[in-house]
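1. 3D model of this:
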Amino acid sequence: MSISRNYLIVLPDDFPSSLTVTMLCGCTWTVNRWASALYRAMKRAANSSLCATSPYNVWDRERDWNSVSKIATSPGLLGFVAIMGMSCAGQSPSATIGNGQVTAMLYLPDAQTGYYRGTRFDWSGMVGSLEYAGHNYYGKWFDRVDTKVFDFTFDGEDVVTNPCNSVTGVPEEFVSNHLALGWDEAKAGGTFVKIGIGVLRKPDDLPYSSFRQYEIVDGGKWTVERKSDSVEFTQELADPSSGYGYVYRKRVSLRPGKPQMVLEHTLKNTGKRAIKTSVYDHNFVDWDQQAPGPDWNIRLGFAAHGEIAKGNGLIEFRGNQVVVPRPLRSGDVVMAYINGFGNSSADYDFRVENRKLGLGVRATADRPLAAAAMWSIRSVASLEPFIDMTIGPGDEFSWTIRYDYYTVAKSSH
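-> Predicted structure coming up:
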């Protein structure tokens, strides 16, 4: 498997238009086109993830950065910047799908080389990028990953996150009363279950934390079926110790002739215990690193009122709209719990628009909302809709979420 990512590196003007650079880590970099940009972007990219697309790969950043610096500081440097396509063979397996209007790259689950190997989010359907109308809707909202960070933090202008949060796109997390399946019953050393991840070890009697990396005892059996416009993921898991078991399927597809991505899910209970859980999508909308602000239009399918837990004054609820009065800056954090929705699936309707870029995305589903929240910092705005489910042994639950991508009139300022 191979995966291509774009990074920035300064090169001298006498370099050829096509060049391959072999890093000390073994990865190869190939120049594919020239562009002017800032030198700082090169170092920022290098510090965040030069080698291997996964934050779980350990490598010597200083060593590899030195090999780049020899090129960047060579004689004749005029400040040109080449956009590099990095190909890391054997790293972070992925699949690219398209329908003529939308192109999306999905990371594939892999316990050894997968992009995401955390124990918070479902490993399937991780969207690394989605291109529509010349823009990537799901950029990387963080600059680097640090295992010493509990959740996330700011380091100057950089956003630094915990490995369990190092996701992009529309990742999903299953939670059971803010915990995981079987957590309360498990003793230290026993097991519990996170759907989409596997059977995990409870190491001690400390409270459960989604930001903590737990030992994966059994990741189950993953099957991936790829087509040109879809990828279907299946995970089969059984944990006799806790009594939980399931077959989980997720199909990510692009609708023919439409700028629409569809997430179709089924969860079948194959264990001895009822599965009572919620699932939410942590929609990381990030357009060109533009900070959420007055140019962003966030609309809900109902007249909302909210409890702002963090960032009072940074957002306002006005009817069915969430307004961001000023651009968010480094250090700003918004966390709000959204209320006012009813029992109809029609209320699962969220739009996020950027009038400066003229872009929008709408999320709808065929199940009613159980809860909703909003989290945002300067690099991303994330609406989090929740769906509840209770599945008896032998029963199955299904739900579908649709993302429509569109353009809007650009603002004049």
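2. Return the list of helices and strands in contact with the helix or strand containing Ser253.
-> Per DSSP states H and E: Ser253 is located in strand 244-254. Secondary-structure packing of strand 244-254 (3 or more C-beta pairs under 8 Å, 6 or more residues apart in numbering; DSSP states H and E): strand 94-98, strand 103-107, strand 230-239, strand 260-269. The way it works is simple: take the backbone N, C-alpha and C, and place the C-beta from them, glycine included.
3. can you give me phi and psi for Asp218?
-> With angles defined as degrees, to the nearest 10, Asp218 shows backbone torsions of phi -150, psi 120.
4. Specify the beta-bridge partners of it.
-> Val199 (DSSP bridges).
5. Quick one: residues contacting it.
-> Counting by C-beta atoms under 8 Å, 6 or more residues apart in numbering, Asp218 makes contact with Gly198, Val199, Leu237, Asp239.
6. one more time with 7 Å
-> Gly198, Val199, Asp239 (C-beta atoms under 7 Å, 6 or more residues apart in numbering).
7. The closest residue to the first one other than its chain neighbours: neighbouring residues, count only.
-> Take Gly198 and drop its neighbours on the chain: the residue closest to it by C-beta to C-beta, 6 or more residues apart in numbering is Gly219, 4.0 Å away. Neighbourhood size, Gly219 [other C-beta atoms under 10 Å]: 17.
8. Now Lys356. Nearest residue, chain neighbours left out?
-> Nearest to Lys356 is Asp295, by C-beta to C-beta, 6+ apart, at 4.1 Å.
9. Among the helices and strands packed on strand 244-254, which comes closest to Gly311?
-> In terms of C-beta to C-beta, the element of the helices and strands packed on strand 244-254 nearest to Gly311 is strand 260-269, at 28.5 Å.
10. Counting neighbours, which bits of the closest one end up buried?
-> Gln260, Met261, Val262, Leu263, Glu264, His265, Leu267, Lys268, Asn269 (16 or more other C-beta atoms under 10 Å).
11. Which strands border it, and is each parallel or antiparallel?
-> strand 244-254 (antiparallel), strand 396-407 (antiparallel).
12. if you compare these, which one is most tucked away?
-> strand 244-254 (a mean of 21; mean count of other C-beta atoms under 10 Å).
13. same question for that one, mean pLDDT?
-> In this model, strand 244-254 has an average pLDDT of 98.
14. Hmm, Pro93 is touching Pro109, no?
-> No. With contact defined as C-beta atoms under 7 Å, Pro93 does not reach Pro109; the gap is 8.4 Å.
15. Please give me every residue in contact with the residue lying closest to Ala304 once chain neighbours are set aside.
-> Counting by C-beta to C-beta, 6+ apart, Ala304 lies nearest to Gly340, which is 4.3 Å off, once chain neighbours are set aside. Counting by C-beta under 7 Å, 6+ apart, Gly340 touches Phe302, Ala303, Ala304, His305.
16. Would you write a PyMOL line that selects the buried entries of those residues?
-> Buried members of the contacts of Gly340 can be picked out in PyMOL with the line below, counting by 16+ other C-beta under 10 Å:
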select buried, resi 302+304
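17. which residues pair with the residue nearest to Thr270 when sequence neighbours are not counted across the strands?
-> Closest residue to Thr270 in three dimensions, ignoring its sequence neighbours and counting by C-beta to C-beta, 6+ apart: Gly245, at 4.2 Å. Bridge pairing for Gly245 (DSSP bridges) gives the partners Ala238.
18. Start at 33, not 1
-> Sure, I'll start counting at 33 from here, so that last one is Gly277.
19. For Val192, pull up the helix or strand it's in.
-> Using DSSP H and E, Val192 sits in strand 190-193.
20. ok, now which ones touch the most centrally placed residue in the chain?
-> Nearest residue to the geometric centre of the chain (C-alpha atoms, centre = their mean): Thr200, 1.9 Å. By C-beta under 7 Å, 6+ apart, Thr200 lies in contact with Val159, Gly160, Tyr170, Lys172, Phe316.
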